[in-house]
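Asker: Curious how this folds, go ahead:
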Amino acid sequence: MDWLIDLLPLSYTDSVVFLGAVILGVAAGVLGAFAVLRQRSLVGDALSHATLPGVCVAFIATGAKDASTLAIGAAAAGLVAATMILIIERTDRIRPDAAIGVVLSGFFSLGIVLLTYLANFNNSNQAGLDTYLFGQAAGLLEQDLTVMGLLCLISLAGVALAFRPLKTALFDMAFAGSVGLPTRLLELAMTAMLVIAIVIGVRTVGAILMVAMLVVPTITARQFTSRLSILLVLSGLFGAAVGSIGALISNSGGLPTGPVIVLVGFVFAMTAILLAPGRGVAWRAGKIMRDRRRAATEGVLIDLETALHAGAPPTPEELATVSGRPLRTVKRALTDLDRAGSLRRDGDRVYLSEAGAAAVHTLLDRRDLWTLWLEYGWRLDIPDAREPDPRRLRETLGDDLTDQLLAMASEEQAGS
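Answerer: A predicted model of the protein is given here:
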């Protein structure tokens, strides 16, 4: 780790904190994804709280605050807590959320009791154990980075090697069992990976806030992709970005590293949820508004064509009266059509250009084709499950099936 620390234009302490936060972000992002996608995020919260008594027991047993020893104690406590959660859930008498709540509260209470017990002995060696509660990244040492890095590399290598069976078990455990995969072992592996991520990060962000680092990167990445392989990569990258930015902000402002990292993660997640293309709330709201405006414009275009067949070119006011639409909607639609080159004006009166007339015929043909699909589509022998797009029926249905649909309609009309 010396060469990495030397590469960073930061002080030794700040460089160690920065690298620790990056390692934490990558590990928590990739490994936490399996808990989030299984809808087991609260298990991560329970296991992170369960590490506290493990740290205390390891200190009582050894009398030293060696980071590796305390990490082993934290991991052991996490595995015991995970086992207890699974046992309680399989009794079929307690709901999973209740089982998680019982284990979380029990282990965390035990941890607080043990911390108080150690504090009452006035043992100077126990000073700093409470940092596992809220985190103290400034206390990281170079050897801690080495242990964190090794754990991260080993866990990521395990994910890469067992990606296909993990993916199968993640989304359909029953199917995984039916094809002969060791479901119990895979479930244990995913839980163990979660414990590893918690052990890596609990020293930095603390037992209370660790769940945020398990959840935030996956939530952020999920807004951009639906493929697991890409999601894991993005989760690791977002986790690293959250950790590094949070560490830099905390170092420059003299703020606690763990809470700042979590706040940066919150900003990342909310920004993605609001603005991510295709899935973001704001993006979807904008798409709905654009679709409504396009539908209104197409409706006014058809109303104008109908009015022109009935008589002289109408004014916007006359068109609004004939169509029954608000005048404001008609004027806005006419403005859009004018910009698209679909209109011509003769004073206050409007009529269609050649491009507008072609657009009307295309729109009417599309509507007629959709009507035929609604009436005769059930008779088509479609080889797969597909949902045709009303605006692109021929493209989504295919030329052959569309021609069959038109032929059915022609036969029905000829027969009647």
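Asker: nearest residue to E395 other than its sequence neighbours?
Answerer: D389 (7.3 Å; C-beta to C-beta, 6 or more residues apart in numbering). In this view, the C-beta of every residue, glycine as well, is placed from N, C-alpha and C.
Asker: That neighbour: neighbour count?
Answerer: Neighbourhood size, D389 [other C-beta atoms under 10 Å]: 12.
Asker: Check L352 too.
Answerer: 19.
Asker: got the contact list for it?
Answerer: The contact partners of L352, taken as C-beta atoms under 8 Å, 6 or more residues apart in numbering, are L304, E305, L308, S342, L343, R344, V360.
Asker: thinking again about what came up before, for L397, see how far away the residue nearest to E395 is.
Answerer: Using C-beta to C-beta, to the nearest Å, we find D389 at a distance of 9 Å from L397.
Asker: for P53, same thing?
Answerer: With C-beta to C-beta as the criterion, P53 and L397 are 62 Å apart.
Asker: would CSV of the contacts of L352 with pLDDT be doable?
Answerer: Formatted as CSV, the contacts of L352 follow (pLDDT from 0 to 100):
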residue, pLDDT
L304, 90
E305, 90
L308, 88
S342, 90
L343, 90
R344, 89
V360, 90
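Asker: quick check, nearest of the residues you listed to A33?
Answerer: The closest of these to A33 turns out to be S342 (C-beta to C-beta; 48.4 Å).
Asker: Not counting its neighbours along the chain, what's nearest that closest one?
Answerer: Per C-beta to C-beta, 6+ apart, closest to S342 is G356, 3.3 Å.
Asker: what's the answer for F171, then?
Answerer: L37 (7.7 Å).
Asker: show me what contacts the one you found?
Answerer: L37 neighbours (C-beta under 8 Å, 6+ apart): L170, F171, T218, L228.
Asker: Would you point out the most distant pair within those?
Answerer: Largest separation among those by C-beta to C-beta: F171 and T218, giving 14.5 Å.
Asker: Strands along the stretch 201-350 of the chain, start to end?
Answerer: In the stretch 201-350 of the chain, the strands defined using DSSP state E, counting those that start in this stretch lie at 343-346, 349-352.
Asker: pretty sure M190 contacts R38?
Answerer: Yes. Here M190 reaches R38: they are 7.2 Å apart, a contact under C-beta atoms under 8 Å.
Asker: More neighbours: these two, which one.
Answerer: M190 (23 against 17).
Asker: could you measure that one against M289, distance?
Answerer: M190 is 41 Å from M289, by C-beta to C-beta.
Asker: Surely T225 and L232 touch.
Answerer: No. Using C-beta under 8 Å, T225 makes no contact with L232, being 9.8 Å away.
Asker: Could you check which of those two has the larger neighbour count?
Answerer: Ranked by neighbour count (other C-beta under 10 Å), T225 and L232 place L232 first, with 26 against 17.
Asker: which non-adjacent residue is nearest D336?
Answerer: Nearest to D336 is T297, by C-beta to C-beta, 6+ apart, at 4.9 Å.
Asker: contacting residues around the one you found?
Answerer: Contact analysis of T297 by C-beta under 8 Å, 6+ apart lists A333, D336, L337.
Asker: Now the residues you listed in JSON lines, please, with extra columns for distance to L248, neighbour count and pLDDT.
Answerer: Shown next, in JSON lines, are the contacts of T297 (distance: C-beta to C-beta, whole Å; neighbours: other C-beta atoms under 10 Å; pLDDT from 0 to 100):
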{"residue": "A333", "distance to L248": "50", "neighbour count": "25", "pLDDT": "92"}
{"residue": "D336", "distance to L248": "47", "neighbour count": "18", "pLDDT": "91"}
{"residue": "L337", "distance to L248": "52", "neighbour count": "22", "pLDDT": "91"}
